[in-house]
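Visitor: sequence plus the predicted model coming up.
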There are 2 protein chains.
Amino acid sequence: MSQTWTISDLSREFGVTPRTIRFYEDENLLTPAREGQNRIYSARDRARLAWILRGRRVGFSLAEITEMLDLYDLDDGRETQRQVTLEKCRDRLAALENQRADLDATIDELAGFCRLLEELKAGVPLEEIRRKHHAKLRSVAE
Amino acid sequence: MSQTWTISDLSREFGVTPRTIRFYEDENLLTPAREGQNRIYSARDRARLAWILRGRRVGFSLAEITEMLDLYDLDDGRETQRQVTLEKCRDRLAALENQRADLDATIDELAGFCRLLEELKAGVPLEEIRRKHHAKLRSVAE
DNA sequence: AATGACCTTGACGTTTACGTAAAGGTAAAC
DNA sequence: GTTTACCTTTACGTAAACGTCAAGGTCATT
């Protein structure tokens, strides 16, 4: 009753090659069922693939993604195990928030440079622009 | 009069090896001055290195970082050139904001899982937790 | 029965981003 | 004057994340 997908279904849907999907299986990130020789992907497999690819877009290595997915899986209910998971989870979260700060800073600078270009195009005199844009940007640009 | 740095100064300050810094020079990301054989880094070089490393933390390839730095440099003042730069700048900015959305989603999910673990530890009954945490998370976890 | 469209498992190739010697130049410290 | 502590270039090595054949199995058309 529950929906399943073939490897090329997922390949098309997520815009990655079958090779990539098989590679993730080799790395134990996915464990699809089999129908004879062929791989059959469940909703859970599909969700995990989505998670992996988003992690990839954010810049994580597969090792890091593995670790994060393991956080969900590895929690076997034992009290001590759960404590470890929680700590790792918090560490990861802190790292992610640092990364967001870096990303925000990058966005701010690029947006600022974008505005500068727009003002130049609009014929705003350089002197006036200089007053509005801080030296930080210029230290990189020149 | 203006301050300069040696390669190991920057190496220590930013926590990367000299090899890495030389590699960035090979890739034309840095062009330090020379004092005899030795490299001398200006404030601009240092700022560029900081930019590169932040880009790296955010998950960019050196090729992407190169392109973004080129946006600052390549704008030679010609009108058409500036238009191209502006467009590329906007494209980059859009990509960055997509990445930010991905990052936010990742943070949200991990934070949610973190809260779940905390509630489990606090002895909140599973039934109640299930009502508060949506199915999206569980589709990945199980 | 053969063409085409899928799927499979190897296995070697490739790019990126450096690591890691190897071999040597310079300059202050002992 | 030689150890120590830097710096340099050249060059081969490597881990990650797949790409790219190669060789073959299955199943529906034609």
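Guide: Thanks, I have it. Keep in mind that this is a model prediction, so the values were computed, not measured. Numbers count the residues shown, from 1 in each chain, chains lettered A, B, ... in the order given.

Visitor: now do the helices in chain A.
Guide: Counting by DSSP state H, residue ranges of the helices within chain A are A:7-14, A:18-26, A:43-57, A:62-74, A:79-121, A:126-132, A:135-141.

Visitor: now render those as TSV, adding mean pLDDT.
Guide: TSV is the format used below for the helices of chain A (pLDDT from 0 to 100):
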stretch	mean pLDDT
helix A:7-14	97
helix A:18-26	98
helix A:43-57	96
helix A:62-74	88
helix A:79-121	91
helix A:126-132	68
helix A:135-141	54
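
Visitor: B:Thr66: which of these is closest?
Guide: Ranking the helices of chain A by proximity to B:Thr66 (C-beta to C-beta) places helix A:135-141 first, at 13.5 Å. For the C-beta atoms, the positions are set from N, CA and C on the backbone; glycine is no exception.

Visitor: spell out which parts of chain A neighbour DNA strand D.
Guide: Within chain A, the positions adjacent to DNA strand D are A:17, A:19-20, A:23, A:36-37, A:56, A:61-63 by C-beta under 7 Å from any atom of the strand.

Visitor: quick one: which of these has the most company?
Guide: A:Arg56 (18 neighbours; other C-beta atoms under 10 Å in any protein chain shown).

Visitor: need the nearest residue in space to that one, chain neighbours excluded.
Guide: A:Ile65 (7.1 Å; C-beta to C-beta, 6 or more residues apart in numbering or on different chains).

Visitor: domain ranges for chain A?
Guide: A:1-59, A:75-142 (automatic domain parsing).

Visitor: for B:Glu97, which of the ones you listed is the nearest?
Guide: Shortest separation from B:Glu97 across these is recorded for domain A:75-142, at 6.8 Å, computed as C-beta to C-beta.

Visitor: just to revisit the earlier point, how many neighbours does the residue nearest to A:Arg56 have?
Guide: A:Ile65 sits with 21 neighbouring residues when counted by other C-beta under 10 Å.

Visitor: that one contacts A:Glu27, doesn't it?
Guide: No: counting by C-beta atoms under 8 Å, A:Ile65 sits too far from A:Glu27 to count as a contact (9.2 Å).

Visitor: who's in contact with the residue nearest to A:Thr17 when sequence neighbours are not counted?
Guide: What sits nearest to A:Thr17 in space, not counting adjacent residues and going by C-beta to C-beta, 6+ apart, is A:Ser11, at 6.2 Å. For A:Ser11, the set of contacting residues under the criterion of C-beta atoms under 8 Å, 6 or more residues apart in numbering or on different chains consists of A:17-18, A:20-21.
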